[in-house]
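Undergrad: would you be able to build a 3D model of this:
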Amino acid sequence: MNEENLLVYFPFFTSDWSVLLKLLLTVLFFVLIAVAIYDRFIQRKNQLLINYPLIGRMRYLFYLLRNPMRQYFGDETFYDSFEKIEWINKSARRENSYISFSPSKPYGNQKTLFKHANFVKEVNEVDKELCVVFGKNRKIPYVSRSIIGRSAMSDGAISPEGTRAFSLGAFRGKFPINTGEGGLTSNFFAPLNLQDCSSPCLEIKKGTWFARMVFRFLRLITNKEVSQRVYKKMVVRQKDRGTFIFDDNKLAYYRIDWTKSLDKFPIHVPEGLPDITLQIGSGLYGVRDADGKFDEERYRKVMRFCCMTELKLAQGAKQTGGKLLAAKVNDDIAYYRGIPAHQDLISPNRFPYADDMETFFDFISRLQELSYKPVGFKIVISTREKFELYAKALKHRKEEGKSIADFLTIDGGDGGSATAPLEMMSRIGLPIRESLRIVDEVLTEYGLRDEIKIIAAEKVLTPDDVVELLCYGADFINIARGFMISAGCIRARECSGAGGRNCPVGLATMDEIKRSRYLVLQKAKHVANYHNELLYGVRSIMAVMGKTNTSQLGMDDLIHHI
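TA: Model (predicted):
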């Protein structure tokens, strides 16, 4: 195309523009020639590029685009139907989530249907307060204000900003949040104001009058995130910045000083916190001493802020100990967990106090005595016979007058995880529905069902998923991926940080640039909205089924469609 034709088709081009375009094309031509020569005659690591120089690189370009494009044009079976993903996003934004026509496959490819009542109820006839009582025999039982909670996701696996958004969302939505095996960190305290907790266990840092003036000025001309970032640099030293939480009212930063004595900690959980379940994994992070042993004093301090404790023996996609790659183990995470920074963190496979049934349940009793609060454990079911070993041990303890676990968290064998071995993701453990049926039946047979609550988790996204698991025997539902999507996850599957690739939205990465752009307050609202829409959807389905309370749901309410 000569210059005259270029000006006809692109009148905004001047002669200078045409010269620049020719120069760029010339440079591109020589670059491509150089790459082709390198591929054919110099490099000796890639056989494909030797045979197909330059053109062979298109394969790697398309391969690079494969995962991102899957989210929009490809198969979504891994995350369930596109309609369910869209429902979560619309519910999080408080948009109308109704759809026209049915999903692309008949019955949404569902194998299980709900029985509707001949004369259905109105939604307002269903109990508005759907709650569960955990540890009714404990000195301080826990009464959840919802039947849905955010499943275990560790601060560190999730970015600090992501954890704050989840914590704020849980507080606003009045549902419990599980710490994950990373333990209780400052970011779970995001909803707490200093006026809600005047305990001397808090370490508080306030800025000078000059620093406060700078903060207020920046707040006027920029935004909250930028002004806080500058203010924090003026108030908190570099190595501690990730462990302090900002109080907007007092213009101060605070964190828990774990070196303070137990009598300095609040007796009751401060009102400004969400309901928190402390998870303890095989690494004992957050409740270990300098030698890596269980620290009773630290545990008692942590439980002044938590409602109950969950010991993790296993989860669906990870029958081994937790894994956190070095890219995520920064100085803040090392501080929280009591481990070296910038090294891969691979927890032991076996829980340190679970050599056998007696040792394990004795440890649970020990935690109950230390905290006065409910304690349970998380497992994956493989066979009925193996689960009966737990039931027999629990029944034997009960007959001897000893305390037993207050709840069981059952994770389906096909549950997801940000960092898990591929060879275990779908090969070990039973799916959640079959697991629930076994656990519910066995606990009933052994006379334990009334004392032990069942929490279920595995690929729960929408209200129908919740109701189905309740019918299978669950008392409470934990959700991970649904809450992740409501918090902005776009399913890029780069959560682990392997190969230098990070979560593009800043939700599951420790990359400071991406984290700094994560909209904490907006996503906190979305998280709370998603939870509220889930509960409304559950109550809507129950109304159609003629039920007023979740205790009325059972296997007889399901139709197994072939």
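
Undergrad: just the helices in the stretch 351-500 of the chain please.
TA: Remark: helices assigned in the stretch 351-500 of the chain by DSSP state H, counting those that start in this stretch are 357-371, 384-399, 422-425, 432-445, 463-471, 481-486.

Undergrad: quick check: mean pLDDT across the third one?
TA: Just to be clear, that refers to helix 422-425. On average, the pLDDT along helix 422-425 is 66.

Undergrad: also the fifth one?
TA: Averaged across helix 463-471, the pLDDT comes to 95.

Undergrad: ok, now stretch 88-96?
TA: Here the average pLDDT along stretch 88-96 is 85.

Undergrad: which one of the helices of the stretch 351-500 of the chain lies nearest to Gly156?
TA: In terms of CB to CB, the element of the helices of the stretch 351-500 of the chain nearest to Gly156 is helix 481-486, at 15.2 Å. To be clear about C-beta, it is placed using only N, CA and C from the backbone, and glycine gets the same treatment.

Undergrad: other SSEs contacting the closest one?
TA: When contacts are defined as 3 or more CB pairs under 8 Å, 6 or more residues apart in numbering; DSSP states H and E, helix 481-486 packs onto helix 82-92, helix 520-544.

Undergrad: try it again at 10 Å.
TA: With contacts taken as 3 or more CB pairs under 10 Å, 6 or more residues apart in numbering; DSSP states H and E, helix 481-486 sits against helix 82-92, strand 148-150, helix 160-173, helix 520-544.

Undergrad: quick one: these as a markdown table, columns for distance to His116 and mean neighbour count too.
TA: Shown next, in a markdown table, are the helices and strands packed on helix 481-486 (distance: least, CB to CB, whole Å; neighbours: other CB atoms under 10 Å):
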| stretch | distance to His116 | mean neighbour count |
| --- | --- | --- |
| helix 82-92 | 20 | 20 |
| strand 148-150 | 22 | 26 |
| helix 160-173 | 28 | 25 |
| helix 520-544 | 5 | 21 |
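
Undergrad: and the nearest residue to Val538 once chain neighbours are set aside, how far from Gly537?
TA: Nearest residue to Val538, sequence neighbours excluded (CB to CB, 6 or more residues apart in numbering): Pro463, at 4.7 Å. As judged by CB to CB, to the nearest Å, Pro463 and Gly537 stand 3 Å apart.

Undergrad: common neighbours of those two, please.
TA: Residues touching both Pro463 and Gly537 (CB atoms under 10 Å, 6 or more residues apart in numbering) are Trp87, Ser91.

Undergrad: poorly predicted segments of the stretch 51-200 of the chain, please.
TA: For the stretch 51-200 of the chain, the stretches with pLDDT under 70 are 67, 70-81, 100-110.

Undergrad: mind putting the helices and strands packed on helix 481-486 into TSV with distance to Asn330?
TA: Listed next are the helices and strands packed on helix 481-486 as TSV, based on distance: least, CB to CB, whole Å:
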stretch	distance to Asn330
helix 82-92	29
strand 148-150	23
helix 160-173	10
helix 520-544	18
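
Undergrad: just tell me which of those ends up closest to Ile221.
TA: Of those, nearest to Ile221 by CB to CB is helix 520-544, at 19.3 Å.

Undergrad: state the mean pLDDT of the closest one.
TA: 95.

Undergrad: sorry, back to before: among the helices of the stretch 351-500 of the chain, which comes closest to His116?
TA: Among the helices of the stretch 351-500 of the chain, if distance is taken as CB to CB, the winner is helix 463-471, at 11.9 Å.

Undergrad: what helices or strands is that closest one leaning on?
TA: In this structure, helix 463-471 makes packing contacts with helix 82-92, strand 112-114, helix 432-445, strand 453-457, strand 476-479, helix 520-544, strand 558-560, judged by 3+ CB pairs under 10 Å, 6+ apart.

Undergrad: distance to Lys402 added to those, as JSON lines?
TA: Shown next, in JSON lines, are these (distance: least, CB to CB, whole Å):
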{"stretch": "helix 82-92", "distance to Lys402": "43"}
{"stretch": "strand 112-114", "distance to Lys402": "39"}
{"stretch": "helix 432-445", "distance to Lys402": "17"}
{"stretch": "strand 453-457", "distance to Lys402": "19"}
{"stretch": "strand 476-479", "distance to Lys402": "25"}
{"stretch": "helix 520-544", "distance to Lys402": "36"}
{"stretch": "strand 558-560", "distance to Lys402": "37"}
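
Undergrad: ok, which of these comes nearest Met213?
TA: Among these, the nearest to Met213 by CB to CB is helix 520-544 (24.0 Å).

Undergrad: run through the neighbouring helices and strands of the closest one.
TA: When contacts are defined as 3+ CB pairs under 10 Å, 6+ apart, helix 520-544 sits against helix 82-92, strand 112-114, strand 148-150, helix 160-173, helix 224-235, helix 463-471, strand 476-479, helix 481-486.

Undergrad: as a markdown table, the ones you listed with distance to Asp556 would be great.
TA: Putting the helices and strands packed on helix 520-544 into a markdown table (distance: least, CB to CB, whole Å) gives the following:
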| stretch | distance to Asp556 |
| --- | --- |
| helix 82-92 | 26 |
| strand 112-114 | 11 |
| strand 148-150 | 23 |
| helix 160-173 | 31 |
| helix 224-235 | 52 |
| helix 463-471 | 8 |
| strand 476-479 | 20 |
| helix 481-486 | 27 |
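
Undergrad: out of those, nearest to Leu24?
TA: Closest to Leu24 of the helices and strands packed on helix 520-544 is helix 224-235 (CB to CB; 36.2 Å).

Undergrad: list the buried ones in the closest one?
TA: By 16 or more other CB atoms under 10 Å, the buried positions in helix 224-235 come out as Ser227, Gln228, Val230, Tyr231, Lys232, Val235.

Undergrad: hang on, the last one packs against Arg229?
TA: It refers to Val235. No. Val235 is not in contact with Arg229 according to CB atoms under 10 Å; the separation is 11.2 Å.

Undergrad: the residue nearest to Ala480 when sequence neighbours are not counted - how many residues pack around it?
TA: Among residues not flanking Ala480 along the chain, Ser151 sits closest, at 3.9 Å (CB to CB, 6+ apart). Using other CB atoms under 10 Å, Ser151 has 27 neighbouring residues.

Undergrad: quick one on the thing from earlier: which of the helices and strands packed on helix 520-544 sits closest to Phe360?
TA: Across the helices and strands packed on helix 520-544, Phe360 has its closest neighbour in strand 476-479 (21.2 Å, CB to CB).

Undergrad: buried residues in the closest one, which are they?
TA: For strand 476-479, the neighbour count (16+ other CB under 10 Å) marks Phe476, Ile477, Asn478, Ile479 as buried.

Undergrad: Arg501 contacts Thr509, doesn't it?
TA: Yes. The pair Arg501 / Thr509 is scored as a contact, 9.3 Å apart, by CB under 10 Å.
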